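**Student:** Provide a 3D model corresponding to the input given below.
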Amino acid sequence: MRLREPSLLVEHLDEPHLDFRFDQKSHHPKDGLFLYGPHAANKKIKEVRIGVVATPKGMKLFREWAKRLQNGIKVPPPGPTEKKDRLHLADFIGLEETFGITFDPMGCSELVVDSDEIERATRIENKHEAVDVVARIYAERVKKFRRNEERNIDVWLFVVPEMVYERCRPESKRTGLELIAGKASKKQKTRFSMPLFESLPDFDTSGEDIFDDVPDFRRRIKAEFLAIAPSQILRETTLDPYSFLNSAGYPTRKAQDAATIAWNLATGLYYKSQSKPPWRLSDIREGVCYIGMVYKKLPNNRDNHVCCAAQMFLTEGDGVVFRGANRPWQTDEYEYHLSAKAAEQLLNTVIETYTDMHGAPPKELFIHGQTSFNDEEWDAFCRAAPPGTNVIGVRIKSTGGDAKLFRDGDYPVIRGTALHLDDRNAYIWTSGYVPQLDTYIGPETPNPLFITILRSKYRRPDMKSVLADIMGLTKINYNSCNFNDGLPVTVRFAKMVGDILVMGSAKEGGPQPFKYYV
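**Tutor:** Numbers count the residues shown, from 1 in each chain. Next up, the predicted model:
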């Protein structure tokens, strides 16, 4: 008996186009911005109001970097092992010329913090307390400014010395440091349970609030500034790696070339200060929105509660973050499911916001997640969606080598290659060789994403359409100016959003622009 060999469809999806000024299109954000400018640019150059919080050295580095950002930065010459034509790199010609915005490097609101005070704070023996004190040094400086000054700030920039990065993260070891005693014991990581005293009206437990936060400076600043303004955290070594050399005369930290750093930081500055993103997807279908679902455990929560959040992304490319209810949503080691009530409330909020922005509910609402949906929550999603809105659940999973595809030649599989298993399951290579750049930016043979269309309220969409949408969503990371990401934005920033929302410092609860989280 001869068995029939299975035949699988392999196809290539075209690279999505992006919209820029004057209705021009390009595949690459750098090309589009260089040639045409942002798609919703003002006719006049827009002045951006920037606030900078830094040590004296950090402030000096920022001023020097800001001048270079205004004047332009060239890509360094190729090294001995590099190609002559490195198409993935591009000169940065200047903030005003590229983005149509500007700021006075000497006219920013400059708030100086004491480096010695920060150094002492990073050595407090309890890490939660150390991070809290360091974050307060920066945050209180801003709060004092806001109390005394009438000037509004579009974006706050925090320029931090390397010791903050090295000592104020959850995985920081602080080995070899001479630690100093603080108010909390060195080993305390959670609130003390004092039920007999907590019921007393005058019993103050605010000192224990630091244990509601993960000891991470970046997350703490982002969480606190959700109610203030978009923020950007910069390491001093990013602004000028050659100001920090080791004993051999080389930079202590290997960073990207200065032109690429300028592209990325300028893109983030434009996105966080303007009403529209610098570019948008060209071919998104009308009336479509995408939701990325994320679940994160609350730190040190006695009831094992989990925060659920949804990120909504629109045809313009911009996003809104919604916080759901905190409850024990975890049902298995890697499975999370909402109750019917919570699922309905969350989707109702999303659809109401979309309707307020567009005048009508969406025609198609894609929910992207990394887990499945049970019957209870899916039925609730469908009830929340009005008639005429098709809800589609899509699971997007990263793979680690369980599927490989090879091609002849010096470079791996082309980005946009799809391998269809059936009408519900497919692999898509969002990373790979890019002909336009004549290179593959990656360390090894790229791994695909595994895509499954789980459920749909009405008609199940064609898999090719779902994959094309995912390809488009890999091109709207406005925190950088790359050709593409490996993950769609609905999944790419899910962990980051969740990490911030579970912080006790994240007091803001309503729908907020995505720019506050990146």
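**Student:** any idea how far residue 186 is from residue 208?
**Tutor:** Distance, residue 208 to residue 186, using Cβ to Cβ, to the nearest Å: 16 Å. Placement of C-beta: from N, CA and C, glycine included.
**Student:** And these two? Which one has more around it.
**Tutor:** Comparing residue 208 with residue 186 by other Cβ atoms under 10 Å, the one with more neighbours is residue 208, at 18 against 12.
**Student:** wait, isn't the more buried one in contact with residue 188?
**Tutor:** No. Applying Cβ atoms under 8 Å as the test, residue 208 and residue 188 come out as separate, 9.1 Å apart.
**Student:** right, and residue 345 touches residue 325 too?
**Tutor:** Yes. Residue 345 is within contact range of residue 325, at 7.3 Å (criterion: Cβ under 8 Å).
**Student:** mind showing which ranges of the stretch 251-400 of the chain have poor pLDDT?
**Tutor:** 315 (pLDDT under 70).
**Student:** Would you map the strands across it?
**Tutor:** 280-281, 288-297, 306-313, 319-327, 364-369, 390-398 (DSSP state E, counting those that start in this stretch).
**Student:** Can you add distance to residue 436 and mean neighbour count and give the ones you listed back as a markdown table?
**Tutor:** Below are the strands of the stretch 251-400 of the chain laid out as a markdown table (distance: least, Cβ to Cβ, whole Å; neighbours: other Cβ atoms under 10 Å):
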| stretch | distance to residue 436 | mean neighbour count |
| --- | --- | --- |
| strand 280-281 | 17 | 20 |
| strand 288-297 | 25 | 23 |
| strand 306-313 | 24 | 23 |
| strand 319-327 | 26 | 21 |
| strand 364-369 | 26 | 23 |
| strand 390-398 | 24 | 19 |
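**Student:** Identify whichever of the ones you listed lies nearest to residue 379.
**Tutor:** strand 390-398 (10.6 Å; Cβ to Cβ).
**Student:** Show the subsequent helix or strand relative to that closest one.
**Tutor:** strand 417-420 (DSSP states H and E).
**Student:** what about residue 246, distance to residue 252?
**Tutor:** Relative to residue 252, residue 246 is positioned 5 Å away (Cβ to Cβ).
**Student:** Give the residue from the two that has the larger number of neighbours.
**Tutor:** In this view residue 246 and residue 252 are compared by other Cβ under 10 Å, and residue 252 has more residues nearby, 12 against 9.
**Student:** quick one: that one and residue 365, what's the gap?
**Tutor:** Distance from residue 252 to residue 365, by Cβ to Cβ: 48 Å.
**Student:** Ok, residue 157 next?
**Tutor:** Taking Cβ to Cβ, one finds residue 157 at 36 Å from residue 365.
**Student:** and what of residue 466?
**Tutor:** According to Cβ to Cβ, residue 466 and residue 365 sit 13 Å apart.
**Student:** same thing with residue 446?
**Tutor:** Distance, residue 446 to residue 365, by Cβ to Cβ: 30 Å.
**Student:** what about stretch 208-220, distance to the chain center?
**Tutor:** Chain-centre distance of stretch 208-220: 19 Å, with Cα atoms, centre = their mean, to the nearest Å.
**Student:** ditto for stretch 395-412
**Tutor:** The chain centre lies 24 Å from the centre of stretch 395-412; the measure is Cα atoms, centre = their mean.
**Student:** what about residue 276, neighbour count?
**Tutor:** For residue 276, the neighbour count with other Cβ under 10 Å is 15.
**Student:** Give me the pLDDT value at the closest residue to it other than its chain neighbours.
**Tutor:** Computed as Cβ to Cβ, 6 or more residues apart in numbering, the closest residue to residue 276 that is not its neighbour in sequence is residue 40, at 3.7 Å. We have a pLDDT of 91 for residue 40.
**Student:** Next: residue 484.
**Tutor:** 94.
**Student:** now do the one 3 residues further on
**Tutor:** According to the prediction, residue 487 has pLDDT 94.
**Student:** before we move on, what about residue 446?
**Tutor:** We note a pLDDT of 92 for residue 446 in this prediction.
**Student:** Also residue 195?
**Tutor:** Confidence score, pLDDT, at residue 195: 53.
**Student:** The one 3 residues further on now?
**Tutor:** On pLDDT, residue 198 comes in at 54.
**Student:** do the one 10 residues further on as well
**Tutor:** The predicted structure scores residue 208 at 75 on the pLDDT scale.
**Student:** Run through the stretch 51-200 of the chain and note the low-pLDDT ranges.
**Tutor:** Looking at the stretch 51-200 of the chain by pLDDT under 70, you get 192-200.
**Student:** same thing but 90
**Tutor:** Applying pLDDT under 90 to the stretch 51-200 of the chain flags residues 78-88, 150-151, 173, 175-176, 183-200.
**Student:** which residues of it fall in strands?
**Tutor:** Under the criterion DSSP E, counting those that start in this stretch, the stretch 51-200 of the chain contains strands at 101-102, 109-112, 155-160.
**Student:** Out of the ones you listed, which is closest to residue 471?
**Tutor:** When the strands of the stretch 51-200 of the chain are compared by Cβ to Cβ, strand 101-102 sits nearest residue 471, at 29.1 Å.
**Student:** who does the closest one touch, helix- and strand-wise?
**Tutor:** strand 46-47, helix 95-99, helix 258-273 (3 or more Cβ pairs under 8 Å, 6 or more residues apart in numbering; DSSP states H and E).
**Student:** which residues touch that strand?
**Tutor:** Contact partners of strand 101-102, identified using Cβ atoms under 8 Å, 6 or more residues apart in numbering, comprise 45-48, 70, 95-96, 269-270, 273-274.
**Student:** Could you spell out the sheet neighbours of it, each with its direction?
**Tutor:** When pairs are called by DSSP bridges, strand 101-102 turns out to pair with strand 46-47 (parallel).
**Student:** For stretch 161-174, buried residues please.
**Tutor:** 161, 163-165, 167-169, 172, 174 (16 or more other Cβ atoms under 10 Å).
**Student:** tell me what the longest helix anywhere in the chain is packed against?
**Tutor:** Criterion DSSP state H: the longest helix present in the chain is helix 127-148. Judged by 3+ Cβ pairs under 8 Å, 6+ apart, helix 127-148 is in contact with strand 50-54, strand 109-112, helix 115-121, strand 155-160, helix 217-224.
**Student:** ok now do the residue lying closest to residue 287 once chain neighbours are set aside, which residues does it touch?
**Tutor:** Of all residues not flanking residue 287 in the chain, residue 363 sits nearest, at 3.4 Å (Cβ to Cβ, 6+ apart). Residue 363 is in contact with 285-288, 388-390, counting by Cβ under 8 Å, 6+ apart.
**Student:** from these, which two are the most distant?
**Tutor:** Farthest pair in those (Cβ to Cβ) is 285 and 388. Separation: 14.6 Å.
**Student:** pLDDT weak spots in the stretch 401-518 of the chain?
**Tutor:** Applying pLDDT under 90 to the stretch 401-518 of the chain flags residues 401-411, 438-445, 492-499, 501-512.
**Student:** burial count for residue 191?
**Tutor:** By the criterion of other Cβ under 10 Å, residue 191 has 17 neighbours.
**Student:** Next up, the contacts around residue 378.
**Tutor:** Applying Cβ under 8 Å, 6+ apart to residue 378 gives the contacts 393, 455.
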